[in-house]
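Enquirer: Have a look at this prediction, sequence included:
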Amino acid sequence: MSGKINIAIDGHSSCGKGTLAKHIARELGYLFVDSGAMYRAVTLYLLNEGISLQELQDDPAILGNIRIEFRYNQEHQFYETYLNDISVESEIRGMRVSRYVSPVSAVKVVRDFLVKKQQQIGENKGVVMDGRDIGTIVFPDAELKIFMTASPEIRAKRRYEELEKKGIHVNYQEVLHNIIERDAMDSSRSESPLVKAKDAITLDNTNMTKLEQAKISLQWAKGVIASIK
Ligand code: DC
């Protein structure tokens, strides 16, 4: 046994899953994987190529033209999402992709394609992956599963501030509306709906600082790692 574990972080959109996952990965020396970025990259590809969901379902081989990678940006010190060798990190976070990503991620062929890739990444353990179905479908055997939630208003405020910081200007009400709509779609879709895994720990961070969340989650992770050694 490698002594490493996989950590699944699921929950609603804009709960800070990515921030927490990155922090845990950095502290443990694990690989961080943003599975939402993979759904966003597929969405961008379809939008750019003008391919409808019906066309994709009729010809799933189209997905074979999509190569998604995470490359480390030394200057900004974070992993950037690349779609077919082009950095799409900013573009996939904008409203154009956000508006369309839920219907795309509800398509079975898209999920099968990405889940397979995600499972390959986690084969050797030592991965912190955030998403919606990581603890239930991608890594049902993950040694630690965290389910994050927070009120829609606080999540909209955080997402709005994050986008503004990146120079992406949006309307707060539109962000809030998009979050509420995505919650409903992500939780009600028939393919891998967002549900809490039975063995996941709930982390409601409405009234928690980033540091408080990071501390408690790292304690959980270290506890699990110590118990399997
Ligand atoms: O985490 P995010 O908001 O960047 O995710 C974008 C969309 O992708 C979200 O609406 C739900 C979908 N998603 C998913 O269905 N399964 C995942 N594992 C990750 C994201």
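Expert: Looks like it came in fine. Owing to the predicted nature of the structure, the values given are computational and were not obtained by experimental measurement. Residues are numbered from 1 along each chain as shown.

Enquirer: for the protein, what's the longest helix?
Expert: Identified as the longest helix of the chain according to DSSP state H is helix 210-228.

Enquirer: Mind listing what's buried along that one?
Expert: Of the residues in helix 210-228, 213-214, 216-217, 220-221, 225 count as buried by neighbour count, 16 or more other Cβ atoms under 10 Å. From N, CA and C alone the C-beta is placed, and that goes for glycine too.

Enquirer: And stretch 122-132, by the same measure?
Expert: Using 16+ other Cβ under 10 Å as the test for burial, stretch 122-132 gives 122, 125-132.

Enquirer: cool, and stretch 46-59?
Expert: Those would be 46-47, 56, for stretch 46-59 by 16+ other Cβ under 10 Å.

Enquirer: repeat for stretch 78-98
Expert: Using 16+ other Cβ under 10 Å as the test for burial, stretch 78-98 gives 79, 81-83, 88-89, 91-93, 97-98.

Enquirer: same question, stretch 147-159
Expert: Those would be 147-150, 152, 155-156, 158-159, for stretch 147-159 by 16+ other Cβ under 10 Å.

Enquirer: related to what we said a few turns ago, which neighbouring elements make contact with the longest helix of the chain?
Expert: In terms of contacts (3 or more Cβ pairs under 8 Å, 6 or more residues apart in numbering; DSSP states H and E), helix 210-228 is packed against helix 17-28, strand 144-149, strand 201-204.

Enquirer: how far does that helix sit from the chain's center?
Expert: 20 Å (Cα atoms, centre = their mean, to the nearest Å).

Enquirer: now what about it, what contacts it?
Expert: Identification of contacts with helix 210-228 by Cβ atoms under 8 Å, 6 or more residues apart in numbering yields 1, 3-5, 7, 16, 19-20, 23-24, 27-28, 143-144, 146, 201, 203, 205.

Enquirer: What angle do helix 17-28 and it make with each other?
Expert: Helix 210-228 and helix 17-28 meet at an angle of 50 degrees, taking axes from the mean of the first three to the mean of the last three Cα atoms, to 10 degrees as the criterion.

Enquirer: Give the full set of residues in contact with residue 196.
Expert: Residue 196 is in contact with 10, 135, 147, 202, counting by Cβ under 8 Å, 6+ apart.

Enquirer: Quick one: buried ones out of these?
Expert: Of the members of the contacts of residue 196, the ones counted as buried by neighbours, 16+ other Cβ under 10 Å, are 10, 135, 147.

Enquirer: export those residues to JSON lines and tack on distance to the ligand?
Expert: As requested, those are arranged in JSON lines below (distance: Cβ to the nearest ligand atom, whole Å):
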{"residue": "10", "distance to the ligand": "7"}
{"residue": "135", "distance to the ligand": "10"}
{"residue": "147", "distance to the ligand": "13"}
